[in-house]
Structures are given as C-alpha cells and as structure tokens.
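K.L.:
sequence below, structure please.
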Amino acid sequence: MSNMEQKKQTQQVEKDKFTLKDYFYVNVIFWVFLLVVAVVVFITAGGKWDPVIESAFGFIFIVFGGGFALVSIFDYLYEKFAGKDENQN
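P.N.:
Have a look, this model is predicted:
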C-alpha cells in the first residue's frame, strides 16, 4: 500500500471516530428517552409516589442511564487509545 493510500485511509478513520461532543449528545438523547419512559411508567402505575415507583425510577436512571453513560465513556477511551495502535499497523 502506498503512502498516499495510507494517508487517505487514516483520514477516513479519523472522520469516522466519534468526538466527545458526539458522545455527549447521544447521552443527552438517551437520558431524555429515559425521562419519557419514567413519566409513562409513573402515569401507568397510577400516578402515586410509593416505594415501588421509587425503585422503578432508581432502576431506570441508575442502571440504564448510568450504565449507558459508563459504556459511552469506556467506548470513547477505547477509541481514543486503542484506535492509535490499530492505525499504526
């Protein structure tokens, strides 16, 4: 592979990578989706705040939201640090 082809391939890989800003916006969209789900759960469960609803909200936001945020951070760091090694080959 010529030097010119390698540069083009490297530039294409750089374009395809997500930026920190992209991860932020994806997380905002997902958290808004979780908020909508939580509101629907609250309304369909009778609209009363009780221990069951409190547990459901905790599960929705901590497990799903927190898990998604942690995976996003891990993916960003992996792409940033491991992606360099892959491009060098």
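
K.L.:
from here on, contacts and neighbour counts on C-alpha atoms
P.N.:
OK.

K.L.:
low-confidence stretches in this structure?
P.N.:
Across the chain, the ranges flagged by pLDDT under 70 are 1-16, 84-89.

K.L.:
now the helices for it?
P.N.:
Using DSSP state H, the helices found in the chain span residues 3-16, 20-44, 51-58, 67-88.

K.L.:
columns mean neighbour count on top of these, output as CSV?
P.N.:
Converted to CSV, those look like this (neighbours: other Cα atoms under 10 Å):
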stretch, mean neighbour count
helix 3-16, 11
helix 20-44, 14
helix 51-58, 13
helix 67-88, 13
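
K.L.:
for W31, what are its contacts?
P.N.:
G65 (Cα atoms under 8 Å, 6 or more residues apart in numbering).

K.L.:
to clarify, my last question referred to K48.
P.N.:
Counting by Cα under 8 Å, 6+ apart, the residues that K48 touches are F42.

K.L.:
nearest residue to F68 in space, please, no chain neighbours.
P.N.:
Closest residue to F68 apart from its sequence neighbours, by Cα to Cα, 6 or more residues apart in numbering: N27 at 7.5 Å.

K.L.:
the residue nearest in space to the middle of the chain - nearest residue in space that isn't next to it in sequence?
P.N.:
The chain has S72 as the residue nearest its centroid, 3.9 Å off, counting by Cα atoms, centre = their mean. Using Cα to Cα, 6+ apart and skipping the chain neighbours, the partner closest in space to S72 is Y23 (6.6 Å).
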